[in-house]
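predicted structure and sequence below. I'll ask about it afterward.
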Amino acid sequence: MTDRTLAAEAFEQEGEILDAIEKWLERDVRPHVMRLEHADEYPVEMVEQMKELGLFGATISTDYGGLGLPAGTYAKIVEKIAETWMSLSGIFNSHLIMAACVERDGTEAQKALYLPRFATGEIRGGLALTEPDAGTDLQGIKLRAVRDGDHYVINGTKTWISNGIHGSCFALLVKTDPSATPPHKGMSCFVAEKGPGFTVSKKLEKLGYKGIDSAELIFQDYRIGADKLIGGVEGRGLQTALGGLELGRINVAARGCGLASAALNDAVSYSQIRKTFGKPICEHQAIQLKLGEMATRLQAARLLTYDAARAYDKGERCDMEAGMAKYFASEAAVENALESMRIHGGYGYSKEYHVERYYSDAPLMCIGEGTNELQRIIIARQLIKRNPI
Ligand SMILES: Cc1cc2nc3c(=O)[nH]c(=O)nc-3n(C[C@H](O)[C@H](O)[C@H](O)COP(=O)(O)OP(=O)(O)OC[C@H]3O[C@@H](n4cnc5c(N)ncnc54)[C@H](O)[C@@H]3O)c2cc1C
């Protein structure tokens, strides 16, 4: 088969997947978003449908029962879903980061045991890095794992963990040697399933991102087999977690595009319906300037996101590209949401419209998977590294 035939097949496959997602969103998601969002209710039925669509295995390789999608297709799926209800994308995103940690760095036994069950959604979960006293500065975590024969005993707290209540398994970042210098050499990552000593202490209340559970997790003498240490070697945990976050940042960028796009689409429609001073507001130049800026911002965000996904798919180091995409697309989401709200006037502030949701969901994109302050630092460091004098 020629390269061109392969490319055409991949394109066709991507089109079919995106069509299936669109039909599902139209039929089973859109009619229920407002109700679930306002009740902050976990979308149990949608999760079952997401399993059938294969979303929990979207980026897991076909060798382990996943769809094996490239990051480029995955980003388009995420954008589409986030356009409709951003919270849904969080249910499989951190799950797929956990899967990426196992697939990239796990032992063959760990891959064989977990990846097929992650792919079907039989086991679902996420990524547990953040602690009450450490988020950006992950080397400052305190969760401690002490070796005890063929087990480790873990004590401490994780917070803000997405899927913390409804998920049962997490890529868990711990300190195996708190005295190590540099500190990351004393950090390790486990595939940790809930069990005695691993409990949820509370559901966290949030400004937005409703429907999906964010929780604090407590570990009290939680015993975990040494065979659950990802890769079987201590000291590589931060590297494993950061490797998984490259995909996570492309996902957050795609979510930002989805929100920026939804905010724009709603503004384009509303501005043609709403009339002031005898004409639709889209005919006022002040509104046109906003629409023009919003559309350009969205397009730039998309191109950066696809560029980062392309680098990821080529297996290149892409923390700079993923950082740029995540930074720009999340800021685009915030700006487009606010501009859309202004265009909607008082109705933009009402729960009858979707805009207030975009407005409260968008800032999370600036915080999650590494804050935008951190992204700019990563970009700058890579710039210097790639351009030595
Ligand atoms: C809804 C939600 C869901 C989340 N889901 C998860 C999850 O599933 N798993 C998980 O592990 N975590 C999750 N998080 C946590 C999230 O990743 C952290 O909140 C984020 O990494 C920032 O950490 P922090 O909150 O501790 O802020 P801090 O690290 O305390 O930062 C505070 C401020 O200081 C800035 N700052 C810090 N260091 C520097 C520096 N060197 N230079 C310049 N500025 C700096 C930051 O950018 C920020 O503006 C979630 C958070 C939220 C709100």
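Here it is on my side, so go on.

now the helices for the stretch 101-250 of the chain?
Assigned helices in the stretch 101-250 of the chain, in chain order: 108-120, 237-273 (criterion: DSSP state H, counting those that start in this stretch).

any chance of TSV for those helices, columns mean pLDDT, distance to Glu316 and mean neighbour count?
All C-beta atoms are positioned from the backbone trio N, CA, C, and that covers glycine. TSV is the format used below for these (pLDDT from 0 to 100; distance: least, C-beta to C-beta, whole Å; neighbours: other C-beta atoms under 10 Å):
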stretch	mean pLDDT	distance to Glu316	mean neighbour count
helix 108-120	98	23	18
helix 237-273	96	10	25
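
what's the closest of the ones you listed to Lys202?
Between Lys202 and the helices of the stretch 101-250 of the chain, the shortest gap by C-beta to C-beta is with helix 237-273, which sits at 23.5 Å.

state the mean pLDDT of the helix or strand following that closest one.
The C-terminal neighbour of helix 237-273 among helices and strands, as given by DSSP states H and E, is strand 275-276. Throughout strand 275-276, pLDDT has a mean value of 98.

endpoints of stretch 339-350, how far apart?
Taking C-alpha to C-alpha, to the nearest Å, stretch 339-350 runs 15 Å from one end to the other.

for it, which positions count as buried?
Residues 339-341, 343-344, 348 are the ones in stretch 339-350 that count as buried (16 or more other C-beta atoms under 10 Å).

from those residues, which is closest to Glu103?
Here the nearest of those to Glu103, counting by C-beta to C-beta, is Ser340; it sits at 37.9 Å.

show the contacting residues for the closest residue to Glu45 other than its chain neighbours.
Of all residues not flanking Glu45 in the chain, Asp28 sits nearest, at 7.5 Å (C-beta to C-beta, 6 or more residues apart in numbering). With contact set as C-beta atoms under 8 Å, 6 or more residues apart in numbering, Asp28 has these partners: 45-46, 49.

helix, strand or coil: sort out Asp28 for me.
helix (DSSP: H, G, I helix; E, B strand; the rest coil).

ok, now how distant is it from the ligand?
Distance of Asp28 to the ligand, computed by C-beta to the nearest ligand atom, to the nearest Å: 24 Å.

tell me the pLDDT of that residue.
As predicted, Asp28 sits at a pLDDT of 98.

roughly how far does it sit from Phe56?
Counting by C-beta to C-beta, to the nearest Å, the separation of Asp28 from Phe56 is 16 Å.

near the ligand, which residues of the protein show up?
Neighbours of the ligand within the chain, by C-beta under 6 Å from any ligand atom: 94, 126-130, 135-137, 160-162, 206, 209, 214, 364, 367-368, 370-371, 373-374, 377.
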